[in-house]
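A.B. asks: A predicted structure for the sequence below; I have some questions about it.
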Amino acid sequence: MNRFERWWVALAVALACAIATPGAAAIDANTRVHWRLAEPGQAQTPRKVLLLDPRIEVHELSAGGVTQKVPQLTREASDHFERALRGVLATRADVVAVSMPALAETEQDELDDTIATFNVVAGEAFAHTQPGLVGWEDRAARFDYTLGFGLPWLQARTGADVLLVTYGVDYQSTGGRKAMAVMGALVGVGLPTGFARLRCALLDLATGDILWLHSEGTGTGNLTDAETMRGIVEKTLATLPPLAPKP
């Protein structure tokens, strides 16, 4: 299994956890915030944020329920996300965006493995910090999930202290499936027409701590619509607590 395949296996697990379980009440039901950000008086995360390329895949859902990845739509969704993200970050005085540098093959391998690990841990973090889960109350009340290791060489290379990780999936109905959904509605049969889910997170490059997680979804797959994507990004970034003030 190559590193790309490992990443998507981990992503599938993480998204399944996010969709299947409700979240703890941090800022809203879909948000987790590390105690370093959530508790008054604690040291806040630095303000330089390294932007990892978004990892979003868009699929078409046929009338027969067959799914197929569409590269062009995938690129459109990623482009919409990047524009919306930079637009929102530009309005925040507490954040400085840092672009990802070119990496050597071994460095890229280490980054990919770290992100794959992060995706699994993030899924577990969502699953085990839901309110009322017996035996895990302390983890829900004081969120402190970590990978146990970071990427200090990437921190030294870029001057950034945290990495913004974004990934998601988008399933959109073809014209044939939409027509079937209309006909089904006429006779009282509901047919799903798609869904989308996007997750953003901040990972501490020095320690591997997951500082912030937010999972946002829609009932229909439409991340290729610029206005929809901008709304999702704005709602997502609104849950990010203020970061450290400018030195």
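C.D. replies: The structure has been received and is ready for your questions.
A.B. asks: Low-confidence ranges, the chain, go.
C.D. replies: In the predicted model, the chain carries pLDDT under 70 at residues 1-28, 42-43, 45, 62-66, 131-140, 173-194, 220-221, 245-247.
A.B. asks: All the helices of it, residue numbers only.
C.D. replies: Ranges of helices within the chain are 3-20, 35-38, 71-89, 105-127, 137-141, 152-158, 175-186, 226-237, based on DSSP state H.
A.B. asks: hmm, who's touching the last one?
C.D. replies: Read that as helix 226-237. Residues external to helix 226-237 that are found in contact with it (Cβ atoms under 8 Å, 6 or more residues apart in numbering): 77, 80-81, 83-85, 87-89, 92, 198, 200, 214, 216, 218, 222-223. Where you see a C-beta, it was placed from the backbone N, CA and C, and this is true even at glycine.
A.B. asks: Spatially nearest residue to the most centrally placed residue in the chain (excluding sequence neighbours)?
C.D. replies: Residue closest to the average C-alpha location in the chain (Cα atoms, centre = their mean): residue 199, at 1.9 Å. With sequence-adjacent residues excluded and distances taken as Cβ to Cβ, 6 or more residues apart in numbering, residue 199 is closest to residue 215, at 4.6 Å.
A.B. asks: Wait, the one you found touches residue 29, no?
C.D. replies: No: using Cβ atoms under 8 Å, residue 215 is not in contact with residue 29; the gap is 9.3 Å.
A.B. asks: These two: which is more packed in?
C.D. replies: residue 215 (24 against 12; other Cβ atoms under 10 Å).
A.B. asks: And the more buried one, how far from residue 168?
C.D. replies: 9 Å (Cβ to Cβ, to the nearest Å).
A.B. asks: For the two, list the residues in contact with both.
C.D. replies: With Cβ under 8 Å, 6+ apart as the test, residue 215 and residue 168 both reach 197, 198, 199.
A.B. asks: From what I see, the second one and residue 166 are in contact.
C.D. replies: Translated: residue 198. Yes: if you go by Cβ under 8 Å, residue 198 and residue 166 touch, sitting 7.0 Å apart.
A.B. asks: quick one, which of those two is more surrounded?
C.D. replies: residue 198 (25 against 20).
A.B. asks: so what's the more buried one up against?
C.D. replies: Listed by Cβ under 8 Å, 6+ apart, the contact set of residue 198 reads 56, 81, 166, 167, 168, 215, 216, 217, 223, 232, 236.
A.B. asks: among those residues, who's most crowded?
C.D. replies: residue 223 (27 neighbours).
A.B. asks: follow-up on the earlier one: ok, so of the shared contacts of residue 215 and residue 168, who is nearest residue 130?
C.D. replies: residue 199 (16.0 Å; Cβ to Cβ).
A.B. asks: which residues does the closest one form a beta bridge with?
C.D. replies: residue 167, residue 215 (DSSP bridges).
A.B. asks: can you check the one 5 residues further on too?
C.D. replies: When bridges are taken as DSSP bridges, the partners of residue 204 come out as residue 162.
A.B. asks: from memory it sits against residue 162, does it?
C.D. replies: Yes: counting by Cβ under 8 Å, residue 162 is a contact partner of residue 204 at 5.8 Å.
A.B. asks: Compare the two (neighbour count), which wins?
C.D. replies: residue 162 (25 against 21).
A.B. asks: No more questions from me, cheers.
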